[in-house]
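In: Below is the sequence, then the predicted model.
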Amino acid sequence: MNNTTCYTLAELAGILGGELHGDPALQIHSLATLQSASEQQLSFFANSRYLQQLRHTRATAVLLTPAHLADCPSAAIVLPDPYLAFARVSQLFDWRAPAAPGVHASAVIADGVVVPADAQIGAHVVVEEGVVLASGVVLGHGCVIGAGCVIGQGTRLEANVTLYPNVRLGAEVLINSGAILGSDGFGFARTAEGWEKICQLGGVVVGDNVEIGAGTTIDRGALDDTRIEAGVKLDNQIQIAHNVVIGRDSAIAGCTAVAGSTKIGARCTIAGMAGITGHLEIADDTHVTAMSLVSKSIPRAGVYSSGTGLEPHQQWKRNVVRFRQLDELARRVRKLERVVELYSTEGQKHDGC
Amino acid sequence: MNNTTCYTLAELAGILGGELHGDPALQIHSLATLQSASEQQLSFFANSRYLQQLRHTRATAVLLTPAHLADCPSAAIVLPDPYLAFARVSQLFDWRAPAAPGVHASAVIADGVVVPADAQIGAHVVVEEGVVLASGVVLGHGCVIGAGCVIGQGTRLEANVTLYPNVRLGAEVLINSGAILGSDGFGFARTAEGWEKICQLGGVVVGDNVEIGAGTTIDRGALDDTRIEAGVKLDNQIQIAHNVVIGRDSAIAGCTAVAGSTKIGARCTIAGMAGITGHLEIADDTHVTAMSLVSKSIPRAGVYSSGTGLEPHQQWKRNVVRFRQLDELARRVRKLERVVELYSTEGQKHDGC
Amino acid sequence: MNNTTCYTLAELAGILGGELHGDPALQIHSLATLQSASEQQLSFFANSRYLQQLRHTRATAVLLTPAHLADCPSAAIVLPDPYLAFARVSQLFDWRAPAAPGVHASAVIADGVVVPADAQIGAHVVVEEGVVLASGVVLGHGCVIGAGCVIGQGTRLEANVTLYPNVRLGAEVLINSGAILGSDGFGFARTAEGWEKICQLGGVVVGDNVEIGAGTTIDRGALDDTRIEAGVKLDNQIQIAHNVVIGRDSAIAGCTAVAGSTKIGARCTIAGMAGITGHLEIADDTHVTAMSLVSKSIPRAGVYSSGTGLEPHQQWKRNVVRFRQLDELARRVRKLERVVELYSTEGQKHDGC
């Protein structure tokens, strides 16, 4: 894809604001890792553990800091943050085509919905009544947009995304396939006979520049809205329950679940498969490691973890048994301490006699 | 949505069977929390931690028990269970429109399938041969209903639900978007060269009044059926493996997985991200807390947990190392106890000499 | 379904290469467990815990080893591996119909894509430009196949599968509904203001005979491809991040997540809800138990686990508190040991005086 994309090193140095070392006319057709790069490929060096790979790379050029220019066997573009530069240059070579304006003949658009001239609506899309679509919106094949949704400028939904009614998306949002926004929050009241459904009357509000991963689900609020603030990045298969608020620029990795009404601060990073229970408040700039269970509020920023480390299974089984006895073990140690302390005192008396 | 919905307090008190304190002609247009409620909104008070919010609410009326009537600055409807009353009143203000009977022109319905006059079939739906649809069924846009499925009265599938062949749903079931019922159970026999597939010949049976969350998957049985009994509530992204049975009125929160052939009793509540391994039996009325691993049967009702609590990462790392040595630590404590016991006996001899 | 499928015992013994004990003309119409089997049903005995069920089965015939022929009240087919034989015979009774060649009128196929005469394309399918479809491909209703994808011979996608552009599938692959291949890897570079997207320029490559479960997501690589090697079996709701490699014939159970760039060896079995962090190497033939966190490479084959066992909640709460103090407890035990050791030496001196 994009086999025709081509930049000269001079052009790339200009775009990235870097200092070019090498032939400005060299052509770059694609990007690659230091190890796999070859002719007409650009790579980057951002982690010192790959120093040997830098020294032996066959890339045509490498993005790097001044400190490693001497280690680079090829042309180079020198910049303060090569990883960020790589991110920017990756966007030049992206496989996503620009929006191809138009509405596929098989799409079903409710009467009264205005499709902007530069929007792209894929095959078998359904757009219900009252939906508002801003300029440059792309709706992938098979998307369903419920009544009254609002989709901001330049926002793109990949194939088979589902928005329930009354979901509002900001500008430049990217939603991956299979994501579902606005599904029912899990709310029921007990009755003598079972459960009575609490209809979920709130919506979902997503800020600008949010990215949502494949298969992620975000429930609508019970009364107020569920809110994903601007710049938030959600990976695949995340579950966000009703009335959760995720603060600006927080990033959450795959398969994490956040239970109802929890508020996550700004700039947090939550690793994969973490579980965050309901009605908590997580401070700004908090970091949670993989598969941790957060069951209390976190009032102070920091790095937090739970769980145990991996062990050979037989050893683990013995330790698991001991964990069940841990409180008892601690009491036994306390008792030992008391006895030994007593002897220590006694001993001094003996010594003194 | 439903901006035209409106009830007087007198009407609501009548519907809910509560005692009205205040002007019966006051109009309620929507519901809100105590904190955010304002003019023409109804709220509820069901948790004493929100007492201050009750005292300062600007709601037009509040659902509450007799004990808190004195704390309420507005009109009130007094009832024994305000939370349950709130659930019931939420249904009056639901955004889900009643079924709009009819079959969208883009739906593909196999020959011979009878669509009841009051059923609603959305755009781009596919209904395969032999499907039986009861009165009042709603199939959201993009749903695929495999051959031979049976869907009970008033059951509603939101957009993009997939039923494999031979899935049978009871009456008044609600299935959220992206849910998949009847996918292959994970069954393979080892061979010298790899794995031989065990075709999954059973089906899925879902009882009346079941609710299934967005992105939840329920595999078909290997030989017998996978069974979700009446009144069960499943949240989003739950995985139910082949031949699992979930007993009546049990409720399971998001991202929990239940492995093959496990039987969960009636009225259980399983919190989010729990993992339940295969071939277990879980007693009726069992409660499992978030992110617990259930790897043995639970013969007696109770509340069960596993895992460790959240800690600052550096402290956690030290404790994780100690967990790996826990069996050894317990042995060392036992040895200390023996030595101290010996000394204690010796000491008594010394004292006696 | 398949109510018309019927084999005589003689036919089945021939197909399976087993030794027939009983009337060769007996007819088998379906398969069942030992417990539920009745007339015209075949069962199997592969686990000694079901010996009583074998002795009382009402199956017409049973697959078993020579050792248990005497316990079988019915006809039998004797073979060395009854479970494998059951897998093979299950395929004879599968509900999946053979491909019904043809393209549904509602499918949208890009110009230039060649659909083989024996391929089956369901309703509302979208196939974008440049897609290559091999002989015998089945695309279920609602599937979306992105530009440039390659789908191998006999590969079958169930309803509502999404392939992003540039996903390559081998032959005889089975992908269950809701699976998404080629979604964006989760890659961002930090900036002063938030996050800069790293466009994911690699693809996904899936080998022959792979099976992928419902709702499973496999991200495209950042630069190189994400690779699922031949014979791999992935259960439902698994998350495979960018640039992961899963080695030949490995099997992974539901809801497990594998983070970016991790390489899992061949013939591994990973149980459900395991979390495997990024940039690790897992040795061939490694087994990981349910809900374990793998946060370091595993250089040697073996069985590995993490976590704690299930306990009554109150007891667990006490032990969780003690876990937080575990490092301190270990230090206190060490101190006790030193004191006791000292006393022991002192004691010997006393004894010697």
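Out: Nice, I can see it. What you are looking at is a predicted structure, and each value in this text was computed from that prediction instead of being measured. Residues are numbered from 1 along each chain as shown, chains lettered A, B, ... in the order given.

In: Quickly find the element holding residue A:333.
Out: helix A:326-352 (DSSP states H and E).

In: tell me the mean pLDDT for that helix?
Out: Mean per-residue pLDDT for helix A:326-352: 81.

In: tell me which residues of it are tucked away?
Out: Across helix A:326-352, burial judged by 16 or more other C-beta atoms under 10 Å in any protein chain shown covers A:326, A:327, A:329, A:330, A:332, A:333, A:336, A:339, A:340, A:343, A:347. Yep, even glycine has a C-beta here, placed from its N, CA and C like the rest.

In: likewise stretch A:69-77?
Out: Result for stretch A:69-77 [16+ other C-beta under 10 Å]: buried residues A:72, A:74, A:75, A:76, A:77.

In: Restricted to strands, list these.
Out: Counted as lying in strands by DSSP state E, out of the buried residues of stretch A:69-77, are A:75, A:76, A:77.

In: of all those, which comes closest to chain C?
Out: Minimum distance to chain C across those is 15.6 Å, recorded for residue A:77 (C-beta to the nearest C-beta).

In: what sits against that closest one?
Out: A:9, A:12-13, A:16, A:18-21, A:61-64, A:85 (C-beta atoms under 8 Å, 6 or more residues apart in numbering or on different chains).

In: How far does the helix or strand of chain A at the bottom of the mean pLDDT ranking sit from its chain's centre?
Out: In chain A, the helix or strand scored least confidently by mean pLDDT, DSSP states H and E is helix A:326-352, which has a mean of 81. Here the centre of helix A:326-352 is set off from its chain's centre by 52 Å, with C-alpha atoms, centre = their mean, to the nearest Å.

In: What is it packed up against?
Out: Other elements packing on helix A:326-352 under the criterion 3 or more C-beta pairs under 8 Å, 6 or more residues apart in numbering or on different chains; DSSP states H and E are helix B:326-352, helix C:313-324, helix C:326-352.

In: Residue B:276: which of these is closest?
Out: helix C:313-324 (16.2 Å; C-beta to C-beta).

In: Sort out which residues of the closest one are buried, please.
Out: C:313, C:315, C:316, C:319, C:320, C:322, C:323, C:324.

In: circling back to that earlier point, what's the angle from the least confident helix or strand of chain A to helix C:313-324?
Out: Angle of helix A:326-352 versus helix C:313-324, following axes from the mean of the first three to the mean of the last three C-alpha atoms, to 10 degrees, is 50 degrees.

In: Residue A:33 against residue A:43, yeah?
Out: Yes: between residue A:33 and residue A:43 there is a contact under C-beta atoms under 8 Å: 6.2 Å.

In: Just want to know which of those two has more residues nearby.
Out: residue A:43 (29 against 19; other C-beta atoms under 10 Å in any protein chain shown).

In: how far away is that one from residue C:7?
Out: From residue A:43 across to residue C:7, the span is 59 Å (C-beta to C-beta, to the nearest Å).

In: Determine the number of other residues adjacent to residue A:194.
Out: Residue A:194: 18 neighbours (other C-beta under 10 Å).

In: where does chain A have low pLDDT?
Out: A:1-3, A:346-353 (pLDDT under 70).

In: which outside residues touch stretch A:64-73?
Out: A:21, A:44-46, A:51, A:54-57, A:62, A:76-80, A:82.

In: any chance of the contacts of residue A:77 in a markdown table, with neighbour count and secondary structure too?
Out: What follows is the contacts of residue A:77, written out as a markdown table (neighbours: other C-beta atoms under 10 Å in any protein chain shown; DSSP: H, G, I helix; E, B strand; the rest coil):
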| residue | neighbour count | secondary structure |
| --- | --- | --- |
| A:9 | 23 | helix |
| A:12 | 22 | helix |
| A:13 | 24 | helix |
| A:16 | 20 | helix |
| A:18 | 21 | coil |
| A:19 | 12 | strand |
| A:20 | 19 | strand |
| A:21 | 18 | strand |
| A:61 | 27 | strand |
| A:62 | 27 | strand |
| A:63 | 28 | strand |
| A:64 | 23 | strand |
| A:85 | 26 | helix |
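
In: Mind putting the residues you listed into TSV with distance to residue A:219?
Out: TSV is the format used below for the contacts of residue A:77 (distance: C-beta to C-beta, whole Å):
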residue	distance to residue A:219
A:9	49
A:12	43
A:13	47
A:16	41
A:18	44
A:19	49
A:20	50
A:21	52
A:61	47
A:62	45
A:63	41
A:64	45
A:85	38
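
In: which of the buried residues of stretch A:69-77 lies closest to residue B:215?
Out: The nearest one, if we look at these relative to residue B:215 and count by C-beta to C-beta, is residue A:77, at 42.8 Å.

In: Can you give me the domain boundaries for chain A?
Out: Listed by automatic domain parsing, the domain ranges of chain A are A:7-92, A:313-352.
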